[in-house]
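Q: Would you be able to build a 3D model of this:
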Amino acid sequence: MIQYNPPAHDSLKILYRDASLLVVDKPAGLLSVPGRGESKQDCLLSRVQAEFPDALIVHRLDMGTSGIMLLAFGKAMERALSILFQTRNVHKRYVALVTGQLQQACGEINLPLMTDWPNRPRQMVSLEQGKPSLTRYRVLDYDVSMNASRVELEPVTGRSHQLRVHLQALGHPILGDELYASAAVCAQSVRLLLHATFIEFPHPLTSRQIAVESKAPF
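A: Residues are numbered from 1 along each chain as shown. As a prediction, the model looks like this:
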């Protein structure tokens, strides 16, 4: 079981804010929402609600993933933003460092995913029972000394652990991934090297396109 040691709470890194919604930069190692037990109550949502009591979660990032998260102020905005996610009107991009050199400079990973029930929270590829899952990728750079590629990822669908499982299935798991990488690849980083770097969506009240970026810290 992965030990929960959340990073120190200094101050929220706010990337965008208006009267309806908030975009913040989540640090790696912090839960998006409270977990089970008293020791897992410290999370991004609780830290945000300490300053903005009516803030509500619209989507989540894995504990190990850092980067952009969108929150709503109030139930009505939460519903409006949730609909944008459901109708795929929210566009997100991530950056990851993965092991090895990818054969193609860009491409798609189209593999259906489902929960690996005996090994939860792990997910798995299942051609028979999995839900349709699509990830687009583009190689940004290759580091010979590390034998690692920097990859930009665009999840078209939003399955749990989608990027991590798809990259593992491609043969290039993310460095520092305790669930899906080998022990050697996991040991190459003290954290999961996956960062939510970009989000764009039409504002539910004005239809104005909101675009926010966050540079990967690795």
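Q: Please, where are all the helices along the chain?
A: For the chain, applying DSSP state H gives helices covering 44-51, 75-86, 162-170, 183-186.
Q: got those as CSV, with mean neighbour count columns?
A: Glycine gets a C-beta too; all of them are placed from N, C-alpha and C. Formatted as CSV, these follow (neighbours: other CB atoms under 10 Å):
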stretch, mean neighbour count
helix 44-51, 17
helix 75-86, 15
helix 162-170, 23
helix 183-186, 14
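Q: Can you list the buried residues in stretch 131-148?
A: Buried residues in stretch 131-148, counted by 16 or more other CB atoms under 10 Å: 133-135, 137, 139, 148.
Q: Contacts made by stretch 109-125 with the rest, please.
A: Residues outside stretch 109-125 that contact it (CB atoms under 8 Å, 6 or more residues apart in numbering) are 126-127, 129-137, 159-162, 164-167, 169-170, 179-180.
Q: right, I mislabeled it, should have said stretch 200-210
A: Where contact means CB under 8 Å, 6+ apart, the residues beyond stretch 200-210 that reach it are 16, 18, 20-21, 23, 70, 77, 80-81, 84, 89-91, 199, 211-212.
Q: May I have that stretch as PDB, with CA atoms only?
A: Output in PDB follows, covering the C-alpha atoms of stretch 200-210 (Å, rounded to 0.1, in the frame of the first residue of the first chain):
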ATOM      1  CA  GLU A 200      -9.200  24.800 -22.200                       C
ATOM      2  CA  PHE A 201     -13.000  25.100 -22.000                       C
ATOM      3  CA  PRO A 202     -15.900  27.500 -22.800                       C
ATOM      4  CA  HIS A 203     -17.000  29.500 -19.700                       C
ATOM      5  CA  PRO A 204     -20.500  28.300 -18.900                       C
ATOM      6  CA  LEU A 205     -21.800  31.800 -18.300                       C
ATOM      7  CA  THR A 206     -20.100  33.800 -21.100                       C
ATOM      8  CA  SER A 207     -19.000  31.100 -23.600                       C
ATOM      9  CA  ARG A 208     -15.600  32.800 -23.700                       C
ATOM     10  CA  GLN A 209     -12.800  30.300 -24.100                       C
ATOM     11  CA  ILE A 210     -10.700  29.900 -21.000                       C
END
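Q: Tell me how far that stretch lies from the chain's centre.
A: Here stretch 200-210 is found 21 Å from its chain centre; the criterion is CA atoms, centre = their mean, to the nearest Å.
Q: Only the buried residues of that stretch, if you could.
A: Buried residues in stretch 200-210 (16+ other CB under 10 Å): 201, 203-204, 210.
Q: Dump the residues you listed to JSON lines, plus pLDDT and distance to residue 54.
A: Output for those, formatted as JSON lines (pLDDT from 0 to 100; distance: CB to CB, whole Å):
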{"residue": "201", "pLDDT": "98", "distance to residue 54": "20"}
{"residue": "203", "pLDDT": "98", "distance to residue 54": "18"}
{"residue": "204", "pLDDT": "97", "distance to residue 54": "16"}
{"residue": "210", "pLDDT": "98", "distance to residue 54": "19"}
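Q: Tell me the pLDDT of the spatially most central residue of the chain.
A: The chain has residue 61 as the residue nearest its centroid, 4.1 Å off, counting by CA atoms, centre = their mean. Residue 61 is assigned a pLDDT of 97 by the prediction.
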